[in-house]
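J.: Requesting a structural model of the entry that follows:
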Amino acid sequence: MLRSIFETCSPRREIQSGELTETIFAAKIRPVVEGTAPSVYQDANQFFANTFPTDGIKTLIREVFARLTGNEEGSSVIRLETSFGGGKTHDAIALWHICQQGRNIPELDRFTDHLKIIPDYATQVAAIDGRDLDPINGIYHKDTGITTYTLWGEIAYQIGGVRGYDLLKGSDESGISPGTSVIERLVDNHPTVIILDEIARYLRSAKARTVGNSDLARQVVSFLFSLMDLAAASNQVIFVYSLASASDTFSEETSELNELVRASARQERVLSPSTDIEIYNIVKQRVFETVSTEAAQEAAKAYLNCYRGARIDLPDGCKEASYAEAIENSYPFHPELFRLLTQKIASIPEFQRTRGALRLFALVVQHLWQDTAQWVPLIHTHHLPVGLNPKVTNELTSRLQRPLMRNPVQADIYNPSGRQAYAQIQDEQWRIADKPPFTTWVARSIFLHSLTQGISSGIRRAELNLSLLTPHVEISFVDEALTRLASVAWYLEVDPVTTIARFKEEPSINKIITEEKEQVGKVEAKENLRSRRDSIFASKQFQLISSPDSPADVDDVATPIALCIIDFDEESITSSQDSPPLLVENIFNKTGESGSFRTYRNRLLFLVANKQQLEQAINLNREHIAIQNILNSPNRLEDISENQKKQLKEKNGKLDLDVRIALTNTYRHLFYPTKDEVKAPQGLMHYTLPANDSSTVKGKSNQQEVILKALRDCGKIRAELENDAKPFAPAYILQKVWPKGIEHWSTKNLKEQFAKNIALNLLIEAEVPKLRTTIRRGIMEGQWDLKVGEKVYIKTNNAAISPPENIEFSERMVLYRRGILEPPQPKEIDLNLQLMPASTPQKPVRVRWKAKGALRVSLYQGEQLIRDDFRPSDEYEAEVQETTRFRVVADYGEGETLEKEETVTLYSTKTTSSSPTVGTNQTIFDVQKPTFLEFQGTPKAVFNQLRDRADDEKIQLIKRFELSVSQLMDYRKLVTGIGLLSRFNPEIEQTVTIQAGGQFLRLEYQGEYKGFQGFVNNINTLLNQPNATADVNLKVILEFEQGIIPKGNDFHTIEQNLTRNPVERLDLGVNVEY
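T.: The predicted model follows:
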C-alpha cells in the first residue's frame, strides 16, 4: 500500500500551524517599496526561499541585468503577461529585491545561470502599482510631506527622492507628460529599472482628470511612449510593465494600450506564462518544506496501474505514461486538482488566479494535517473541505460572487448546524460499513466543477471517476453514491445522456418535494399506508382480516383461511427471532370477550410489521403523498418548469413502487400454526418472508402469492403446484387426520379437522376438490364406508362399488371406519292380506305392508290404483267379492322401485258353511287362523286379552308388536315410556298436527327412535303453549326376527314398562305364529 503523504511531505510551518493571513497571498508592490509588507514578501531571503525559479523569472532577470551591465544583448522594454505562481506582481517584487540588494541575496543562483551579470550593488529602481495611484488626491509621503499626483511624479520621487521629484514637480502638478530630457536628468546616467504594474487600471481612473483639452489618461500614454523611447535609446534604462488580460475588468484599457504599442511599432519582450511543471513546483515551493521524490515516483506508478486495471469509463490519456509523469511532478497533489484550480476555476474573473489557487492549496493542506491518522496517498479534489472549512467555503462562494452556491453546500454537502446535509446523512451508512465518506467525496468533486458557468459547468462521469479513483479503494462506490445523492439532493442535477453532474444555484425538484413533504404528517401517511397495505394483501387465497385488535374481531369458523394483518400501531417486532406478540397469541388461542378457547386455530395466519422497516415505509410514503399533492394542484404546477413536471411524474411512478416494496418489506414477519414443541412452543412458527425488490414486486397487484409460496416452502401447504397436486392418500387421512377413538364422523367434520389440528396442512380452496376425490377413493378402496341418509356404501369382495358423484361436506354424509356399518340388506316388502269374516257377498280385506326405506307407496287393487301416497309402513281396508290381486309398489327415490303382490281367493260352495282363503288353493274345509291380532283397552287389559288368546289358540311366537295411541295425554305418556323399550330398537310412526299461538305444525315421521328424539323437544314446546290444540297419532313398532314367547321375559318386560305409567287407551296389534 502507498505511503500516506503525512509520512512523505512536510508543510511549511506557517501553513501547518494555521498562521495563514490574507496578506501572505495578496502580493502588492507598494508595501514592499515602503517596507511595510509581510516578511514573506519584505524579507528577500524568505521571499526567494518560497519562490520557485520559473523560466519566466529567470528570463526576466537575464533580460534586465544583461542589458544594464552590457554583458549581453537584452530587451529595453519587457511586458509581463499574467502567469501562475509568482504572477506578474510576484515577478515585479523579485526584480525590485534584486535591484535593491544586487547579487548579495542567498541562493540567488537558483534563479540565474549567470550570477555575475547581476551587480553586487544596488540599482536605481521605481516600482509602482497602478492601483495605488490617485489622479485627484495623489500619494502622500509622510516622511517628506510630498504628495505625488501622477505616474511620473511617483517615479521621480522613488528614484531621486525630494531632489528627483523637484525635477518633475511642474509636470506632476499640471498633469502634463514630461519629455525624455527631464527623464534623462532624473536617471542621471545610472542603471535604472522602472516597474509598472496594473497600468490599465490607472488609465481608467486617469480618464476622469481633465488636462487642458485632453485628459490625464492620454498624458500617461504619451509618457509611456517617451519612457519606451528613452529605454530603447539607452542601455541604462529598463522599462518593465504588465497589463491585465483581455478578459479582465480593465480589458478595454488594456486593448487600447496594446493597439497603441503596435501602431507605434515599438519593440518589446513579452514573457510567457509558466508551464504545467513549473506550476506544480511553484505551489509545492510555496506550501511544502520537503516532498519525497521517491514517494512521488511510487504514487505515479501505483496510480497508473490502478487506471490501467480499472474497468470503468476514464478520460483518454490517463493510462499513458505521460499522465504518470504528471502525477509524479504534481505530487502530493493530484493533477486533476491542479487543473481544476489553475485552469477551470482560475477562468472565473473574481478568482484572482494566483492568490485564490494558492490560498486553496494551503487551506487543504492545513485541513488534512489536522488528522494525520487517516490514509491519504494523494491530495484529490474531494479533499478540499467544502462546507467543513468556512474559509474554503467563502473562497468558493462569496469571493467568487457566487453567494447562492452556499445553498447547495449547506443543503447537500455539509451543514455545520441544524439539519444535516444529505451527504452527511448518507455518509453515516458508509461509515457503518467501515467505508470512507464516499458521498461527500462525490459531492465535493461535483461542486468544485460546478463553480464555472455555462457549458463548462459540471463534470462528466469519466472525469469524475478519474478525480476519485484511488488505489486500494473500490471505485464502484461512485455510481452508487451519485445515484443515492441525486435521488434526494436539493441542488444536484445529473444529465443521464451526457453524464454531466452539476450543482445549481436554483433548487431542484427534490427541494420542492421536501418542502411539500414537511406538510404531510405521520397520521396521514400511516392511514394511507394502511389503505395500500390492505389493497396489496387483499383477499385472494386467504381472507384478509385487517387490523384486528381483539379475539372478537376474528370469527371462530372453519373456513376460509384467514390472514390477520396486525396493525403497526398495535404490535411490531424487531427481529426474526422474536416470539409472537401477545395480541397474536390471544387471537390465536381465544375467541370473543368471554375468553373461550378457539376451536379452529389451524386457519389463522398472522403478518406483523418490522419496526425499523416501518419508519422507512412511512418516510417514503410521505414523499409520495407530497408528489401527488403537487401534481394534483394546478397552482403549484404553474410555478414549475416542464422538465420539473416530467421529473415529478417519473418520481411519482418510482416512489409508488418504492412504497410498495417498503410496505411488503415491513410486513415480512409471518406467523403460522404448527405442532413443534421446540421451535414453536406456543403453536405459532415465526417465518421471515424473503426481502422484496422491484423485480419481485413490480407487476404484482396482490402479495398473497408470496405468502402462499412461503407456506409451500415451509411445508404448511402441500408443495405441489395446484394443477398437478395429487389427492390426499386415504392412508394419510386415516393416520394423520381421523382422530383416534372416533368410529364415524361426517364429511363436514373431516374437512373441519384441517382447521382444528395445527399439525395438519392448511386446506386451501384448491385442495378441497382433491379431498372429495380422496373420500371417493377411500370408499372404492375399502378404507372407510359411507352412509348417506339410509343409504350405505360399503366395498365388498363380491362387487364393485360406485360412490356418489357429488361428495358434499355436510352432516348428511357420514364416514365410518370399516366394520361398523352392515352391508345394505336387500330391499323387501312385507305384504299381508287378511280376509275378514262377513255374511254379505262383499268381504272385507285388510291389506297391511311394510316397505322399509321407501319414500312412498302406491297400492293397486287389480289394475286400479287406489292411492300413490301411502306411507312406507301403512294399511288399507278393501272389499272384495271374488278372487282379487293386490299389488304394492314402493318408491325409494332416484328411480328405484320395488313391488310385491298377493292374491285373496274366494271359493263358491253349495254348503251352508264357507271359509274363504288367501293366496292358496285350500279347500273350504280348512280353517285359517289369523296371523294379525288386534286388541283395544288399557295396557293391562289388552295384555291379559293377548295372554288368554295365546293360551286358547296355542300361539307359539309373537313376531311384532304395534302400540298405538291417538289421545294427547296418551301421546305424552307413551313418548316418555318409549325410552324404556329402547333395547328392542323400536321404530316410530307418527303423525302430528299442532295449532299454537299463530304457529302451525304438521309432521309425519317413520323411522328409528333415535331420529324421532330430534323432534320431541320441538313438539313438546308447541304442545306446552297455552291454548294449543293437537291431533296426534303415535305408533311404536317392536319387531322380533326370531319371535318372542308369550309369557316369556321379553313379553313380561314390555308389559311391565307399558303399565308403569299406563295410557288410558292403547291399540295393540301383534303378528303371531301358531
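
J.: out of everything not next to it in sequence, what's closest to the one residue sitting closest to the centre of the chain?
T.: Geometric centre of the chain, nearest residue: Ala662, 2.1 Å, by C-alpha atoms, centre = their mean. Nearest in space to Ala662, with sequence neighbours left out and distances taken as C-beta to C-beta, 6 or more residues apart in numbering, is Ala617 at 3.9 Å. Heads up, the C-betas are built off the backbone N, CA and C, glycines and all.

J.: For the helix or strand hosting the residue nearest to the centre of the chain, buried residues please.
T.: Assignment of secondary structure by DSSP states H and E places Ala662 within helix 642-666. Along helix 642-666, the positions that meet the burial threshold by neighbour count (16 or more other C-beta atoms under 10 Å) are 644, 647-648, 651-652, 655-656, 658-666.

J.: again with stretch 967-978
T.: Judged by neighbour count using 16+ other C-beta under 10 Å, the buried positions of stretch 967-978 are Leu968, Asp970, Tyr971, Arg972, Lys973, Leu974, Val975, Gly977, Ile978.

J.: Tabulate these in CSV, adding columns for pLDDT.
T.: Conversion of the buried residues of stretch 967-978 to CSV gives the following (pLDDT from 0 to 100):
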residue, pLDDT
Leu968, 91
Asp970, 93
Tyr971, 93
Arg972, 91
Lys973, 92
Leu974, 93
Val975, 92
Gly977, 90
Ile978, 92
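
J.: Of these, which belong to helices?
T.: Among the buried residues of stretch 967-978, the subset assigned to helices under DSSP state H consists of Leu968, Asp970, Tyr971, Arg972, Lys973, Leu974, Val975, Gly977, Ile978.

J.: got these as CSV, with distance to Gln219 columns?
T.: Compiled in CSV, these are given as follows (distance: C-beta to C-beta, whole Å):
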residue, distance to Gln219
Leu968, 148
Asp970, 153
Tyr971, 148
Arg972, 147
Lys973, 151
Leu974, 150
Val975, 145
Gly977, 150
Ile978, 147
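
J.: Just the closest of these to Ile183, please.
T.: Of all these, Ile183 sits closest to Val975, with 152.1 Å by C-beta to C-beta.

J.: quick one: the strands in the stretch 951-1074 of the chain?
T.: With DSSP state E, counting those that start in this stretch applied, the stretch 951-1074 of the chain shows strands at 957-965, 987-996, 999-1008, 1029-1044, 1066-1073, listed in chain order.

J.: Among those, which comes closest to Glu428?
T.: Judged by C-beta to C-beta, the one of those that comes nearest to Glu428 is strand 999-1008, at 78.4 Å.

J.: partners of the closest residue to Ile446 other than its chain neighbours in the sheet?
T.: Using C-beta to C-beta, 6+ apart and skipping the chain neighbours, the partner closest in space to Ile446 is Ala501 (4.7 Å). Using DSSP bridges, the beta-bridge partners of Ala501 come out as Ile459, Val494.

J.: And Ala501, what's its pLDDT?
T.: Looking at Ala501, its pLDDT reads 94.

J.: contacting residues for it?
T.: In this structure, Ala501 makes contact with Ile446, Gly458, Ile459, Arg461, Leu464, Leu482, Ala486, Leu492, Glu493, Val494, Asp495, judged by C-beta atoms under 8 Å, 6 or more residues apart in numbering.

J.: Quick check: the residue nearest to Ala662 is in a strand.
T.: No. Ala617 is assigned helix when assessed by DSSP: H, G, I helix; E, B strand; the rest coil, not a strand.

J.: For it, give me its contacts.
T.: When contacts are counted by C-beta under 8 Å, 6+ apart, Ala617 touches Leu529, Val659, Ala662, Leu663, Asn665, Thr666.

J.: Low-confidence ranges, the stretch 451-600 of the chain, go.
T.: 593 (pLDDT under 70).

J.: Which parts of it are helices?
T.: When secondary structure is read from DSSP state H, counting those that start in this stretch, the stretch 451-600 of the chain shows helices at 461-468, 477-486, 509-517, 522-536, 582-589.

J.: any chance of these in CSV, with distance to Pro119 too?
T.: Output for the helices of the stretch 451-600 of the chain, formatted as CSV (distance: least, C-beta to C-beta, whole Å):
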stretch, distance to Pro119
helix 461-468, 49
helix 477-486, 58
helix 509-517, 66
helix 522-536, 83
helix 582-589, 99
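
J.: and among those, the most buried is which?
T.: When you average the neighbours per residue for each of the helices of the stretch 451-600 of the chain (mean count of other C-beta atoms under 10 Å), helix 461-468 leads with a mean of 22.

J.: Which elements pack onto the helix holding Ala662?
T.: helix 509-517, helix 522-536, strand 604-610, helix 611-631, helix 694-697 (3 or more C-beta pairs under 8 Å, 6 or more residues apart in numbering; DSSP states H and E).

J.: right, and those - which one's nearest Lys590?
T.: Taking the helices and strands packed on helix 642-666 one by one with C-beta to C-beta, strand 604-610 is closest: 11.6 Å.

J.: Next, the angle helix 582-589 makes with that closest one.
T.: For strand 604-610 and helix 582-589, the angle between their directions (axes from the mean of the first three to the mean of the last three C-alpha atoms, to 10 degrees) works out to 170 degrees.

J.: Which elements pack onto strand 604-610?
T.: With contacts taken as 3+ C-beta pairs under 8 Å, 6+ apart, strand 604-610 sits against strand 562-565, strand 572-573, helix 582-589, helix 642-666, strand 669-673, helix 704-714.

J.: Compute the inter-axis angle for that strand and helix 642-666.
T.: What separates the directions of strand 604-610 and helix 642-666 is an angle of 130 degrees, with the same axes, to 10 degrees.

J.: average pLDDT for strand 604-610?
T.: Taken as a whole, strand 604-610 has a mean pLDDT of 96.

J.: quick one: strands adjacent to that strand?
T.: strand 562-565 (parallel), strand 572-573 (parallel), strand 669-673 (antiparallel).

J.: quick one: stretch 544-555 to chain centroid distance?
T.: Going by C-alpha atoms, centre = their mean, to the nearest Å, the spacing between the C-alpha centre of stretch 544-555 and its chain's C-alpha centre is 26 Å.

J.: Could you list the buried residues of it?
T.: Going by neighbour count (16+ other C-beta under 10 Å), the buried part of stretch 544-555 is Leu544, Ile545, Ser546, Pro548, Pro551, Val554.

J.: Go through those residues and say which is closest to Leu341.
T.: The closest of those to Leu341 turns out to be Ser546 (C-beta to C-beta; 61.0 Å).

J.: does that closest one have beta-bridge partners, and which?
T.: Ile565.
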